[in-house]
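Visitor: Just the structure for this:
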Amino acid sequence: MGYKLQKADLFSESAVYGLVMVSALLLVTNQYDATSSEVFIKVLGTVVVFWLAHAFATAVSHMGVVADAKAPFRESFRHALAHSAGLLIAAVVPLGIVLLGVVNLISDDVALWTALWVDAVLLGLLGYFSSGAWTSNTSQRLRVGLGTALLGVCVVVLKAFIH
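Guide: Sure thing, here's the model as predicted:
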């Protein structure tokens, strides 16, 4: 049986971490006037390496929890994939935008800035929807969403100061 995407994967700590990491990577990889192609490859490669490290660490740490299971490694591996899927999922939209620069549908600069701003919006949406688990108060959820979006905006501001 294969992995099935769950709603929780989209709102996990690994998804938030993935968005922050992708934003930081976009910022760092483009410091040296890199093309969209170079940014895409570097960000994708780094995300995959970090995802593998995160999944491995999760699987190893989980094996002690399921030591009495018939197949602790397999169960831990499945748990690790589910637990860390958000990190990969978070990279899809910003890398899709950078890919528009790779195929020259938009300029490299527009691709980077758009991906950074979209990351900020996605962080805000993650905060808004995640807070729905503990409050139905719309203004409170908007404040949480704004707070998480500000993290993304901070990365965009850093980008502006670096260039």
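
Visitor: can you list the weak-confidence ranges in the protein?
Guide: For the chain, applying pLDDT under 70 flags the ranges 1-10, 66-69, 71, 159-160, 163.

Visitor: tell me the centre residue of it?
Guide: With distances taken as C-alpha atoms, centre = their mean, the residue of the chain nearest its centroid is Gly18 (2.3 Å).

Visitor: From what I see, it and Val92 are in contact.
Guide: No - Gly18 sits out of contact with Val92 when judged by C-beta atoms under 8 Å, with a separation of 9.5 Å. (Glycine included, C-beta is placed from N, CA and C.)

Visitor: what residues does stretch 135-149 touch?
Guide: 16, 120-121, 123-132 (C-beta atoms under 8 Å, 6 or more residues apart in numbering).

Visitor: now stretch 150-163
Guide: 19-20, 23-24, 26-27, 30-31, 112-113, 116-117, 119-124.

Visitor: what do you get for stretch 105-114?
Guide: 26, 30, 34-36, 39, 97-98, 100-102, 156, 159.

Visitor: And the helices in this protein?
Guide: 7-10, 13-29, 36-63, 72-102, 108-131, 138-162 (DSSP state H).

Visitor: helices or strands next to the third one in the packing?
Guide: In this structure, helix 36-63 packs against helix 13-29, helix 72-102, helix 108-131, with contacts taken as 3 or more C-beta pairs under 8 Å, 6 or more residues apart in numbering; DSSP states H and E.

Visitor: could these go into TSV alongside distance to Leu146?
Guide: Shown next, in TSV, are the helices and strands packed on helix 36-63 (distance: least, C-beta to C-beta, whole Å):
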stretch	distance to Leu146
helix 13-29	15
helix 72-102	19
helix 108-131	6
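
Visitor: And those: which comes nearest Val43?
Guide: Distance to Val43, taken as C-beta to C-beta, is lowest for helix 13-29 among these, at 4.6 Å.

Visitor: got the angle between that closest one and helix 108-131?
Guide: Angle between the axes of helix 13-29 and helix 108-131 is 160 degrees (criterion: axes from the mean of the first three to the mean of the last three C-alpha atoms, to 10 degrees).

Visitor: Summarise which helices and strands helix 13-29 is packed against.
Guide: Short answer (3+ C-beta pairs under 8 Å, 6+ apart): helix 13-29 packs on helix 36-63, helix 72-102, helix 108-131, helix 138-162.

Visitor: May I see the buried residues of that helix?
Guide: 14-29 (16 or more other C-beta atoms under 10 Å).

Visitor: got it, and stretch 135-155?
Guide: 141, 144-145, 148-149, 151-153, 155.
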